[in-house]
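Student: Pasting a predicted model and its sequence here:
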Protein chains: 6
Amino acid sequence: MPRIVVQAYEGRTLDQKRHLVRAITDVVVDAYAVPPETVTVVIEEIRKDHMAKAGVLRSDRDARAESGGRDGNGLPA
Amino acid sequence: MPRIVVQAYEGRTLDQKRHLVRAITDVVVDAYAVPPETVTVVIEEIRKDHMAKAGVLRSDRDARAESGGRDGNGLPA
Amino acid sequence: MPRIVVQAYEGRTLDQKRHLVRAITDVVVDAYAVPPETVTVVIEEIRKDHMAKAGVLRSDRDARAESGGRDGNGLPA
Amino acid sequence: MPRIVVQAYEGRTLDQKRHLVRAITDVVVDAYAVPPETVTVVIEEIRKDHMAKAGVLRSDRDARAESGGRDGNGLPA
Amino acid sequence: MPRIVVQAYEGRTLDQKRHLVRAITDVVVDAYAVPPETVTVVIEEIRKDHMAKAGVLRSDRDARAESGGRDGNGLPA
Amino acid sequence: MPRIVVQAYEGRTLDQKRHLVRAITDVVVDAYAVPPETVTVVIEEIRKDHMAKAGVLRSDRDARAESGGRDGNGLPA
């Protein structure tokens, strides 16, 4: 411990992930005063057709944005 | 917030998922009196060979059912 | 399965929770065509000093709002 | 309930998983005095490029080990 | 890794938990052929008014059982 | 999204938590090129009698350390 779980959409590069886990570990070591080898970071990727806000799947929201439409909640597609 | 995580077996259609995230968002908005845009729903799909009840993987339980067998716990395959 | 996890701030009444778990179960039964006794709903409550958006704890954001201030991101306190 | 989640790297065989879920169910039944059919075990597999210790992805750590190198923290690759 | 999360109702004794984490660690070491010091076990306790099956909170189901009633789903209180 | 979950032992101060959520948000914004208001950080605190390594609860390991003992795995108490 500490253990950090990063939940984000699919699509980041390996280098972005390398940068993220290094930077997160450094700030946890600094803020919580723990040795780096006690810090675990786990990346959980989420598909856009498995995530919804205001009742609309992100994949559908993106599709509407591409087709120029807006959704029922006035939220930007 | 609120954030709702739906853990279910793989295999549902995109339309079932659309229906589910819409309906869950509506009942959360109603029960907890929050605006829809604050409600997030995440779908986590689980493989049947990664889920066990009474010590038996669901994939094995289904295979027994197809072969007409019952498992050691008398549970219906 | 399915198993639904509801993550929300502390503070809802027992009746709100009763209403929520009943309504969520009904929509899951309808959308995923499963029997009610297979549906589990778990409520996870989160403290406002354990949740941050845009780098600011919700408890601090609420405190600012009460004191009429706005935070650096222009977000409503 | 109880529900047991096993988080481990990808790569175990189906038989290892069968053995694991059976053995875990048995010890939970024994330690917590519950019937086996109330015990659920879920396996969550994690990719080695999605898990870091001391700021280094396990996949990178393994690659260094294969190339004979050690990482900055003196940890075995 | 492996990391095991045990989700169960509140109310077990410290000795039950000691027994459980020891026994789970042993079976994971055996089934997955890993050293014991790589195995982490985390206990997450769940309140009975935060867990529902078939739309009914476990705390309400227990209360009915004590009052001799059955619930709408014919499930034993 | 992204959503970051920080799992750590109880006992940090509110200021440590403020520092942590601010710093984590900043590195996620930098590494994943997302606006700060899309980043959520959740802190989950774990009791030392609910966390075990190598089959021994952290609370028991600490108690041994205070009493000068070592545990069966040669791990520092």
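Tutor: Sure thing, it's come through.
Student: Please state the offset of the longest helix anywhere in chain A from the chain centre?
Tutor: Ranked by residue count and defined by DSSP state H, the top helix of chain A is helix A:14-32. Helix A:14-32 sits 14 Å away from the centroid of its parent chain (C-alpha atoms, centre = their mean, to the nearest Å).
Student: same deal with stretch A:38-48?
Tutor: On C-alpha atoms, centre = their mean, the centre of stretch A:38-48 falls 8 Å from that of its chain.
Student: So which bits of chain A are right by chain F?
Tutor: A:1-9, A:12, A:16, A:19-20, A:23-24, A:26-28, A:30-32, A:46, A:51 (C-beta under 8 Å from any C-beta of the partner chain). For glycine as for every other residue, the C-beta is placed from the backbone atoms N, C-alpha and C.
Student: domains in chain A, as residue ranges please.
Tutor: Using automatic domain parsing, the domain parsing of chain A gives A:1-46, A:47-77.
Student: quick one: terminal-to-terminal distance for the first one?
Tutor: According to C-alpha to C-alpha, to the nearest Å, domain A:1-46 extends 24 Å from its N-terminal end residue to its C-terminal end residue.
Student: Now do the contacts for the nearest residue to residue A:49 once chain neighbours are set aside.
Tutor: Ranked by C-beta to C-beta, 6 or more residues apart in numbering or on different chains and with sequence neighbours excluded, the top spatial neighbour of residue A:49 is residue A:59, at 4.1 Å. If you count contacts by C-beta atoms under 8 Å, 6 or more residues apart in numbering or on different chains, residue A:59 has them with A:47, A:48, A:49.
Student: Among the residues you listed, which are located in helices?
Tutor: Checking those against helices, none of them qualifies (DSSP H).
Student: At which residues are the strands of chain A located?
Tutor: A:3-9, A:40-46, A:51-53, A:56-57 (DSSP state E).
Student: Name the residues that touch the first one?
Tutor: Contacts of strand A:3-9 with the rest of the structure, by C-beta under 8 Å, 6+ apart, involve A:20-21, A:24-25, A:28, A:39-48, A:51, A:58, B:42, E:3, F:1-8, F:24, F:28, F:32.
Student: let's see 7 Å
Tutor: The set of residues external to strand A:3-9 that reach it, using C-beta atoms under 7 Å, 6 or more residues apart in numbering or on different chains, is A:20, A:24, A:28, A:40-46, A:48, F:1-7, F:32.
Student: Just the buried subset of those residues, please.
Tutor: Among the contacts of strand A:3-9, the ones that count as buried by 16 or more other C-beta atoms under 10 Å in any protein chain shown are A:20, A:24, A:28, A:40-44, A:46, A:48, F:1-7, F:32.
Student: Mean pLDDT added to the strands of chain A, as JSON lines?
Tutor: Below are the strands of chain A laid out as JSON lines (pLDDT from 0 to 100):
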{"stretch": "strand A:3-9", "mean pLDDT": "98"}
{"stretch": "strand A:40-46", "mean pLDDT": "98"}
{"stretch": "strand A:51-53", "mean pLDDT": "98"}
{"stretch": "strand A:56-57", "mean pLDDT": "98"}
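Student: For the nearest residue to residue A:62 once chain neighbours are set aside, give me its contacts.
Tutor: Leaving aside its sequence neighbours, residue A:62 sits nearest to residue A:48 (C-beta to C-beta, 6+ apart; 6.5 Å). Contacts for residue A:48 (C-beta under 7 Å, 6+ apart) come out as A:9, A:58, A:59, A:62.
Student: Please pick the buried ones from those residues.
Tutor: Neighbour counting by 16+ other C-beta under 10 Å classes A:9, A:58, A:59 among the contacts of residue A:48 as buried.
Student: which of the residues you listed lies closest to chain F?
Tutor: Comparing the buried ones among the contacts of residue A:48 against chain F with C-beta to the nearest C-beta places residue A:9 closest, at 5.9 Å.
Student: Run through the bridge partners of that closest one.
Tutor: Beta-bridge pairing for residue A:9 (DSSP bridges): residue A:46.
Student: From chain E, how far out is it?
Tutor: Distance, residue A:9 to chain E, by C-beta to the nearest C-beta, to the nearest Å: 24 Å.
Student: Could you do residue A:58 as well?
Tutor: Distance, residue A:58 to chain E, by C-beta to the nearest C-beta: 27 Å.
Student: Quick check: closest non-adjacent residue to that residue.
Tutor: residue A:48 (4.2 Å).
Student: Enumerate every residue touching residue A:10.
Tutor: Residue A:10 touches A:45, A:47, counting by C-beta under 7 Å, 6+ apart.
Student: Next one: it from chain E, what distance?
Tutor: 22 Å.
Student: The most centrally placed residue in chain A and residue A:21, how far apart?
Tutor: Per C-alpha atoms, centre = their mean, the C-alpha nearest to the average position across chain A is that of residue A:8, at 1.9 Å. As defined by C-beta to C-beta, to the nearest Å, residue A:8 lies at a distance of 12 Å from residue A:21.
Student: just residue A:7 next, same as before
Tutor: 14 Å.
Student: repeat for residue A:35
Tutor: Noted for residue A:35: a distance of 16 Å to residue A:21, by C-beta to C-beta.
Student: More neighbours: those two, which one.
Tutor: residue A:21 (29 against 9; other C-beta atoms under 10 Å in any protein chain shown).
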